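[1] here is my input, please return the structure:
(one chain, ligands or ions: 2)
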Amino acid sequence: MSGENCIFCKIIAGHIPSKRVFEDDKSIAFDDLNPQAPTHILLIPREHVDSLDKASNAEELGDLLLAAASIAREKGFAENGYRIVINTNSDGGQTVFHLHVHLLAGRPFVFPPG
Ligand code: AMP
Ligand code: ZN
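    Ligands and ions are numbered 1, 2, ... in the order given. Here you go, the predicted model:
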């Protein structure tokens, strides 16, 4: 597990610009560069973990999900709802190998996605 050459580690370090919408001591959240919904936020742990498959810290994972719910609530999405996605490895569509939670909101979602 390494953050070397990881674009999200570079975003955390401020070496790549991002539009931050939230941060605390454990995680940061910023707007996705290629939004798939009116609101599309990525929430990532400050500590580099390659993917959900490599995650082992239940408290950190729980904190990440609770932070996502908190951001959604603060932005007024709780009532209508929102979608949380964690793409994992190749078939999961993961392209950036630093664990991240997608928070998608502002339009209805159907399942399965088109
Ligand atoms: P995934 O396909 O689940 O790995 O998601 C990676 C996400 O990162 C995609 O939705 C990209 O649009 C997004 N992304 C890639 N580079 C950046 C960047 N520099 N700033 C913000 N979002 C990015
Ligand atoms: Zn990283």
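[2] element containing the closest residue to Leu99 other than its chain neighbours, please.
    In this structure, Leu99 finds its nearest non-sequential neighbour in Val49, 4.4 Å apart by Cβ to Cβ, 6 or more residues apart in numbering. (Glycine included, C-beta is placed from N, CA and C.) Using DSSP states H and E, Val49 is not contained in any helix or strand.
[3] please renumber the chain so that the first residue is 101 from this point on.
    Okay, using 101 as the starting number, the last item reads as Val149.
[4] Val149: neighbouring residues, count only.
    Using other Cβ atoms under 10 Å, Val149 has 21 neighbouring residues.
[5] which secondary structure elements does the helix ranked longest in the chain contact?
    Counting residues, the longest helix found in the chain (DSSP state H) is helix 158-174. Counting contacts by 3 or more Cβ pairs under 8 Å, 6 or more residues apart in numbering; DSSP states H and E, helix 158-174 packs against strand 120-123, strand 127-131, strand 139-145, strand 201-205.
[6] hey, what's the angle from the last one to strand 127-131? Just curious.
    Interaxial angle, strand 201-205 versus strand 127-131 (axes from the mean of the first three to the mean of the last three Cα atoms, to 10 degrees): 40 degrees.
[7] send me strand 201-205 as PDB with only the CA atoms.
    The C-alpha atoms that make up strand 201-205 are tabulated as PDB, following Å, rounded to 0.1, in the frame of the first residue of the first chain:
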ATOM      1  CA  VAL A 201     -16.700   7.300  -1.400                       C
ATOM      2  CA  HIS A 202     -18.700   8.900  -4.200                       C
ATOM      3  CA  LEU A 203     -21.600  11.100  -2.900                       C
ATOM      4  CA  LEU A 204     -24.000  11.700  -5.800                       C
ATOM      5  CA  ALA A 205     -27.100  13.800  -5.300                       C
END
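[8] got the residues of the protein near ligand 2?
    For the chain, the residues in contact with ligand 2 (Cβ under 5 Å from the ion) are Gly103, Cys106, Phe108, Cys109, His148, His198.
[9] and the gap between the second one and Lys119?
    The one in question is Cys106. Distance, Cys106 to Lys119, using Cβ to Cβ, to the nearest Å: 19 Å.
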